[in-house]
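> pasted the sequence and its predicted model underneath.
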Amino acid sequence: MTTRTRSDRRRLAVSAVIGHLVVIAGAALLREPTLWFAVGLMVPGLCLCVGTAAVLRKAVGRPGSAAKDLDERELLLRNRAHYAAFQGICVLMLVDLVYGLYAAGRPDSGSLLSSMTAALFVFGTSLPALWLAWRLPDDDPEDFEGVAPG
């Protein structure tokens with residue numbers, strides 16, 4: 001699947017976010033009466049978010065690479081993506097704090113909070129690729145003239 005257009009990357013980004021939200025919903029329901037339902041939500045949600053995040057990381061290309069391999073424009077894009085992801089992770093940690101305060105009075109509060117923290121952590125690690133997928137312009141078709149599709 002070629003993901004050189006912004007609309008393709010945005011579709012993948014939306015799929016990844018949906019997968020992450022399903023995992024977060026499963027983590028919120030991970031307690032005794034709804035345990036198996038939560039696990040049933042989390043497994044396909046995790047497959048969706050991790051699978052699409054892996055495709056997205058490949059689709060956004062070089063701005064996800066090491067600094068020595070990037071030009072100035074790509075460095076700027078990578079730094080912007082990481083700064084936006086840092087802000088997003090701060091928001092996710094506030095969500096985790098609020099959930100922790102909610103879960104504190106429940107039985108098994110430690111397992112509830114750890115599952116939510118893990119779900120939010122996985123979401124946070126994909127934020128730079130999601131940001132780049134949403135913001136990168138379409139590739140220039142002239143860059144790919146004479147190149148066989150991979």
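Ah, there it is.

> elements contacting the helix or strand Met93 falls within?
Assigned by DSSP states H and E, Met93 falls within helix 72-103. Helix 72-103 is packed against helix 109-125, helix 127-135, with contacts defined by 3 or more C-beta pairs under 8 Å, 6 or more residues apart in numbering; DSSP states H and E. The C-beta positions use only the backbone N, C-alpha and C, and glycine is treated the same way.

> what angle do that helix and helix 127-135 make?
Put simply, helix 72-103 runs at 120 degrees to helix 127-135, going by axes from the mean of the first three to the mean of the last three C-alpha atoms, to 10 degrees.

> next, name the residue at the spatial heart of this structure.
Ser126 (3.0 Å; C-alpha atoms, centre = their mean).

> just give the nearest non-adjacent residue to Ser111, would you?
Leu30 (7.2 Å; C-beta to C-beta, 6 or more residues apart in numbering).

> okay, now the closest residue in space to the residue nearest to the centre of the chain that isn't next to it in sequence: neighbour count?
The shortest distance from Ser126 to any non-neighbouring residue, by C-beta to C-beta, 6+ apart, is to Ala53 (4.2 Å). Ala53 is flanked by 25 other residues according to other C-beta atoms under 10 Å.
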